[in-house]
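# Can you look at this prediction? I've put the sequence above it.
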Amino acid sequence: MSPPDARAAAERAARASHGRLVGLLASRTRDIAAAEDALAEAFARAIETWPQTGIPDNPEAWLLTVARRVDGNAARHREVQALAEPEIVRRIDERAEAGPATDPRLELMFVCAHPAIDPAARTPMMLTLVQGLTAERVAAAYLEPPATLSQRLVRAKARVKATGIAFALPDRAEWTDRLGTVLEAVYAIAALSDGDGELLGEGVHLAGLLAAELPREPEVRGLLALLLFLLARRAAGRTPGGNYVPLEEQDPATWDHAAIDRAEAELKAAAAAGRPGRFQLEAAIHSAHCWRRAGGETPWPQILALHDRLSTLAPTFGSEVARAVAAAEVHGPEAGLRLLDSLEAPPGHLAHAAARAHLLARAGRPSDAGSAYAAAILLARDPAVRAWLEARRRQL
């Protein structure tokens, strides 16, 4: 096997196993930083070793074995050396078969959501630990300097070790205080996926684990429905050649209808509780967008009504931008522009800039629209999205 193949295999194992392995390693010592260091060393050894030995049958078990040898004191070192790989494989499989209650990723997320952790660090900490996203990528999503976020994460990890937070799912009485933060992090995984089906699928998986733990919690099932809607349309967001396709231009026949049906069932189960929340309303909006698969038009008045409820109940900047777009569809582009211009856009917010450019073009203001498209193009990190914006600008 060539070194590039070994590196690619190690990277795949990193994406698939990072959260599980950090959770398993840190559950003994509560030292998250040391667990990350040990895992990084294990990945480095994989890149060095696998070209000669081949990829092991169970890469996760191999990485866990090496990381445990790197991490810890002499007693733990001897214990790990004494464990044969089949025994480690058996333990990993037992944890997977035991169900969501023992999944180390869920345990790790609830550790990060502990009240003792700085609220500003909780979701970024989950994203870097559970999903293995870099601090640079998370910092870009939160529009803050990477160094600032990195320092916050270092302090949060030290806090976990100093306070001795248990690496286990909390008692049900404690779930309420932490659940909102965990749901936000799972949603953020999807928001950061940028068309990465594997990352979005991981968000769906984590939401499913939470739904299995809390089947009567409507916001959990609402989040699962929302992510399923996003997953169902993910492939339709790109042409075979890789060009970006916005939602309104997608062919409903290319959507994953089985995933949409599952999402509708989750949303119906959530709505039966009679306790609407942010994720249920967002899922309902996406459900309305899926009406086109039955041959109908997009029901913009209903979508705007849902956005108005969401604006009252749990507004976010992104949802307010989408509300302005819906208002433009119902009441005309000037109505949408008034809503957009009433928002205080944070620097670098692509959706706001792109929506404003689109509505200015619809309002018959090509000069203003051209300037707005130019601003949006500068913000677009995805080459396909940038090319789509440039094409829209040329069409003016």
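Received, thanks.
# how about residue 56, secondary structure?
Using DSSP: H, G, I helix; E, B strand; the rest coil, the three-state assignment for residue 56 comes out as coil.
# now residue 336: how far from residue 360?
The gap separating residue 336 from residue 360 is 10 Å, by Cβ to Cβ, to the nearest Å. Using the backbone N, CA and C atoms, a C-beta is placed for each residue, glycine as well.
# Looking at these two, which one has more neighbours?
A count of neighbours by other Cβ atoms under 10 Å puts residue 336 above the other of residue 336 and residue 360, at 26 against 23.
# Nearest residue to that one in space, please, no chain neighbours.
residue 328 (2.7 Å; Cβ to Cβ, 6 or more residues apart in numbering).
# Confirm that neighbour sits in a strand?
No. Checked against three-state DSSP, residue 328 lies outside a strand; its state is helix.
# Run through the helices of the stretch 101-250 of the chain in chain order.
104-112, 119-130, 135-141, 146-163, 172-191, 197-213, 218-234 (DSSP state H, counting those that start in this stretch).
# could you say what helices and strands the fourth one packs with?
The one in question is helix 146-163. Counting by 3 or more Cβ pairs under 8 Å, 6 or more residues apart in numbering; DSSP states H and E, the packing neighbours recorded for helix 146-163 are helix 32-53, helix 119-130, helix 135-141.
# quick one: low-confidence parts of this protein?
1-7, 10-11, 13-17, 19, 27-30, 72-102, 143, 195 (pLDDT under 70).
# can you tell me how far residue 325 sits from residue 250?
Residue 325 sits 16 Å away from residue 250, taking Cβ to Cβ as the criterion.
# Neighbour count: those two, which is higher?
Higher neighbour count among residue 325 and residue 250: residue 325, with 22 against 17, using other Cβ under 10 Å.
# so what's the more buried one up against?
The neighbourhood of residue 325, defined by Cβ atoms under 8 Å, 6 or more residues apart in numbering, consists of 336, 355, 358, 359.
# Please list the members of those residues that lie in strands.
Helix and strand membership here follows DSSP state E; of the contacts of residue 325, not one is in strands.
# Distance to residue 110 added to these, as JSON lines?
Shown next, in JSON lines, are the contacts of residue 325 (distance: Cβ to Cβ, whole Å):
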{"residue": "336", "distance to residue 110": "40"}
{"residue": "355", "distance to residue 110": "36"}
{"residue": "358", "distance to residue 110": "41"}
{"residue": "359", "distance to residue 110": "42"}
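# and which of the residues you listed is nearest residue 105?
residue 355 (34.6 Å; Cβ to Cβ).
# Adding distance to residue 289 as columns, could you present the helices of the stretch 101-250 of the chain in TSV?
As requested, the helices of the stretch 101-250 of the chain are arranged in TSV below (distance: least, Cβ to Cβ, whole Å):
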stretch	distance to residue 289
helix 104-112	29
helix 119-130	26
helix 135-141	23
helix 146-163	33
helix 172-191	16
helix 197-213	17
helix 218-234	8
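# With distance to residue 50 and mean neighbour count added, can I get those helices in CSV?
As requested, the helices of the stretch 101-250 of the chain are exported to CSV (distance: least, Cβ to Cβ, whole Å; neighbours: other Cβ atoms under 10 Å):
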stretch, distance to residue 50, mean neighbour count
helix 104-112, 24, 25
helix 119-130, 24, 23
helix 135-141, 26, 17
helix 146-163, 29, 16
helix 172-191, 28, 18
helix 197-213, 21, 20
helix 218-234, 31, 25
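# quick one: which of those helices is nearest residue 254?
Smallest distance to residue 254 across the helices of the stretch 101-250 of the chain (Cβ to Cβ): 8.4 Å, for helix 218-234.
# Name the residue closest to the centre of this protein, please.
For the chain, the residue sitting closest to the mean C-alpha position, by Cα atoms, centre = their mean, is residue 189 at 0.8 Å.
# got a list of what the nearest residue to it once chain neighbours are set aside touches?
In this structure, residue 189 finds its nearest non-sequential neighbour in residue 203, 4.0 Å apart by Cβ to Cβ, 6+ apart. With contact set as Cβ under 8 Å, 6+ apart, residue 203 has these partners: 186, 187, 189, 190, 193, 227.
# doesn't residue 131 make contact with the residue nearest to the centre of the chain?
Yes. Counting by Cβ atoms under 8 Å, residue 189 does reach residue 131; the two are 5.8 Å apart.
# quick one: common contacting residues for those two?
Residues touching both residue 189 and residue 131 (Cβ under 8 Å, 6+ apart): 199, 202.
# the strands in the stretch 201-350 of the chain, which residues?
When assigned using DSSP state E, counting those that start in this stretch, the stretch 201-350 of the chain turns out to have no strands.
# outside of stretch 279-294, which residues touch it?
183, 187, 218-219, 222-223, 225-226, 229-230, 232, 247, 252-253, 255, 257, 260, 263-264, 266-267, 270-271, 297-299, 302-303, 306-307, 309-310, 313-314, 319, 322.
# scratch that, stretch 113-121
Among residues not part of stretch 113-121, those counted as contacts by Cβ under 8 Å, 6+ apart are 112, 122, 125-126, 152-153, 155-156, 159-160, 163, 165, 177-179, 181-182, 185.
# and the closest residue to residue 339 other than its chain neighbours, how many neighbours?
Setting aside the residues directly before and after it, residue 339 is nearest to residue 324 in space (Cβ to Cβ, 6+ apart), at 3.8 Å. Burial measure for residue 324: 25 neighbouring residues, criterion other Cβ under 10 Å.
# same check, this time on the one 4 residues further on
The local packing count at residue 328 equals 24, with neighbours defined by other Cβ under 10 Å.
# ditto for residue 378
12.
# for the one 3 residues further on, same thing?
Burial of residue 381, expressed as a neighbour count using other Cβ under 10 Å, amounts to 10.
# didn't residue 138 look like it was pressed against residue 149?
Yes. With the criterion set as Cβ under 8 Å, residue 138 and residue 149 qualify as a contacting pair; they are 6.3 Å apart.
# so what sits against both of the two?
residue 124.
# which residues touch stretch 228-237?
Contacts of stretch 228-237 with the rest of the structure, by Cβ under 8 Å, 6+ apart, involve 190, 193, 195, 197, 200-201, 204, 244-247, 250-251, 254-257, 259-260, 262-263, 266, 283, 286-287, 289-290.
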